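Participant: Next come a sequence and a model predicted from it.
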Amino acid sequence: MSSVEKRGAVTGEYEGGGYVEFDYEQSGWLTFAGLMVLFTGFWNVIEGSIAVFRSAYFTGTAVFGTLAFWSLVWFGVGLLALIAGYAIIGGREWGRWVGIVIVILSTIINMLTIPLYPWWSLFVVTIDILILYALTVRWRRSPGTAAG
C-alpha cells in the first residue's frame, strides 16, 4: 500500500505482512465537522453566559421555559459539544457518535429558541445540518462486518 493510499487513515497497525487500517477515516469533512462543533459549542457557552448576565440582549420569549432555563441548556450543550468536537478532531469513533447526538440536540434547541435570537438560531440550524452531513458522509464499515 502506497503512502498516498495510507494518507486518509488516522492510525493503523502493521500486522503479518500488511498494513491494516482502522475504520475511522479523517477526511476534510470530519475536520470541518470537528472545527464547527467546537465553534458552535464555544458559542453556546458564550450564549448561555450572555443569557445569565445580560438578558436584554435577546428579543422575544422562548417557546417554553424562562431565559434562565435556556441559559443552562445552552451552557450544558455547549460544554458537551466542546468535548465532542475535541474527540472528533482527535479521531475518536465515540466522538463521532456523541457529535451526532449533540448536533441533533443543538438543532432542536436552536429551533425552539428562534424567537429569542432569530437570525443566529437559523444560522446555527443551517450549520448543524452541514455538520450532520459531515459526520455521516463516507463512513466506512469495519473490516469484520458483513456487507448489508
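Facilitator: Arrived safely. Numbers count the residues shown, from 1 in each chain.
Participant: use CA for all of it now, contacts and neighbours both
Facilitator: Fine.
Participant: what's the nearest residue to residue 130 if we skip its chain neighbours?
Facilitator: residue 33 (8.0 Å; Cα to Cα, 6 or more residues apart in numbering).
Participant: Quickly note the distance from that neighbour to residue 86.
Facilitator: Separation of residue 33 from residue 86 (Cα to Cα, to the nearest Å) stands at 10 Å.
Participant: one step back: just the element for the residue nearest to residue 130, please.
Facilitator: Using DSSP states H and E, residue 33 sits in helix 28-53.
Participant: Show me what that helix is packed against.
Facilitator: If you count contacts as 3 or more Cα pairs under 8 Å, 6 or more residues apart in numbering; DSSP states H and E, helix 28-53 packs onto helix 67-89, helix 118-136.
Participant: Just the C-alphas of the first one, formatted as CSV.
Facilitator: Think helix 67-89. Taking Å, rounded to 0.1, in the frame of the first residue of the first chain, the C-alpha atoms of helix 67-89 are listed here in CSV:
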residue,chain,number,x,y,z
LEU,A,67,-34.4,32.6,29.8
ALA,A,68,-32.6,31.3,32.9
PHE,A,69,-33.6,27.7,31.9
TRP,A,70,-32.3,28.2,28.3
SER,A,71,-29.1,29.7,29.5
LEU,A,72,-28.4,26.5,31.5
VAL,A,73,-29.4,24.4,28.4
TRP,A,74,-27.1,26.3,26.1
PHE,A,75,-24.2,26.2,28.6
GLY,A,76,-24.6,22.4,29.1
VAL,A,77,-24.9,21.6,25.4
GLY,A,78,-22.0,23.9,24.7
LEU,A,79,-19.7,22.0,27.1
LEU,A,80,-20.7,18.7,25.7
ALA,A,81,-20.2,20.0,22.1
LEU,A,82,-16.7,21.1,23.1
ILE,A,83,-15.8,17.6,24.3
ALA,A,84,-17.3,16.0,21.2
GLY,A,85,-15.5,18.4,18.8
TYR,A,86,-12.2,17.7,20.5
ALA,A,87,-12.8,14.0,20.2
ILE,A,88,-13.8,14.3,16.5
ILE,A,89,-10.7,16.2,15.7
